[in-house]
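K.L.:
Return atomic coordinates for the entry below.
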Amino acid sequence: MNSDPLSATFSALADPTRRSILARLAGGEATVNELAAPFDISLPAISRHLKVLEAAGLITRGREAQWRPCRLESAPLQRLDGWLDSYRRHWEQSFNKMDAYLEALQQGDGNDTSH
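P.N.:
The predicted structure follows:
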């Protein structure tokens, strides 16, 4: 996998099945069989998805006797959120400017009696 953690995270998140698996793990740890249950794909296919998520650092797999729980890891998602934050600030500033412009237009229309 890519050595850049952000690229690895984006790559892992590019697949809807993997995003669904992460959404399930956000509710707590689960076994491979529990993660596979809602999907109409084979256990080996689920295992491949889990390997991608694990390689990206998005999940860890433990070992408790015969049970191998998968857990969500938050650090890669926090890095992604940090990266997105600068873009979020840009869009919020743009929306604030647009709000101010629209408000100025509305005030101007309310004061214009020539129509």
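K.L.:
distance of P5 from R79?
P.N.:
Distance of P5 to R79, computed by C-beta to C-beta, to the nearest Å: 6 Å. All C-beta spots, glycine's among them, are computed from the backbone N, C-alpha and C.
K.L.:
Return every residue with contacts to both of those two.
P.N.:
Counting by C-beta atoms under 8 Å, 6 or more residues apart in numbering, P5 and R79 have no shared contacts at all.
K.L.:
distance of G62 from A56?
P.N.:
Distance, G62 to A56, using C-beta to C-beta: 17 Å.
K.L.:
So for the two, which residue has more residues nearby?
P.N.:
A direct count of neighbours by other C-beta atoms under 10 Å for G62 and A56 places A56 higher, at 22 against 10.
K.L.:
Hmm, S7 and that one touching each other?
P.N.:
No: applying C-beta atoms under 8 Å as the test, A56 and S7 come out as separate, 9.1 Å apart.
K.L.:
Okay then, goodbye and thanks.
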